[in-house]
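>>> A structural model of the following input is requested.
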Amino acid sequence: MDFKKIFSFLWETAKLVLISLAIILPLRYYVVQPFFVLGASMEPSFENGDYLIIDEVSYRVGEPARGDVVVFKYPYDTKQYYIKRIVGLPGEIVGFKDGRIVIKNKDNPNGFSLDEKYLASPNETFGGGEVKLGYNEYFVLGDNRGASSDSRRWGALKNEFIVGRVVVRVFPFNEFSIFK
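Take a look at the predicted model:
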């Protein structure tokens, strides 16, 4: 047995593993993150068991936009992660009228009814009163409004809890999608 060849093989394998980890671990912890959807709150857009890839970089250089689907730490138990859609932006007033979301902001002081093409019909949104969002707060809702614990129940979501936005659905394979 040639110990020099065995040692050389082991050393090359160890170097390959270390280089791979040096590349993969920072990507996994600072750039993208996998996420499994649990529950029905985002149906039909995302189903229970969907495997998603989350972009963690975009919101370090930019701000979340209305319509973005985000993964965040639940404010009252940061060990839990939720997935919801952003409907209200910082500084806006979010209200409800006749089963629709009404947004008031500086461009629309009288408000406008949010056009939500991503919702399955009929999917009315009911809530009480109006919510004024602070400078770093967002109003998030599940697409399946009847089965969603969201900002209507526990209030505005602070920016600091947002992990990232959904960019790719990997599984199920027949539903593979890339989101803008």
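>>> Distance of Gly62 relative to Lys117?
Using Cβ to Cβ, to the nearest Å, Gly62 is found at 23 Å from Lys117. C-betas here are computed from N, CA, C, even on glycine.
>>> neighbour count winner among these two?
Taking neighbours as other Cβ atoms under 10 Å, Gly62 and Lys117 compare with Gly62 leading, 9 against 6.
>>> So which residues of this protein form strands?
32-36, 51-55, 69-73, 81-88, 93-97, 100-104, 112-113, 131-132, 137-141, 157-158, 162-171, 177-178 (DSSP state E).
>>> ok, and what's touching the third one?
When you say that, I think you mean strand 69-73. 33, 35, 42, 45-46, 52, 54, 64, 79-86, 140, 157, 161-166, 179 (Cβ atoms under 8 Å, 6 or more residues apart in numbering).
>>> Next: the longest one.
For strand 162-171, the surrounding residues in contact (Cβ under 8 Å, 6+ apart) are 32-35, 46, 49-59, 64, 68-73, 81, 83, 138, 175-179.
>>> Show me which residues of that strand are buried.
Across strand 162-171, burial judged by 16 or more other Cβ atoms under 10 Å covers 162-167, 169.
>>> wait, which of the strands of the chain is closest to Ser151?
strand 137-141 (4.6 Å; Cβ to Cβ).
>>> Can you get me a residue count around Ser151?
Count around Ser151 with other Cβ under 10 Å applied: 23.
>>> wait, it sits on Ile86?
No - look at Ser151 against Ile86 with Cβ atoms under 8 Å: they stay out of range, at 9.6 Å.
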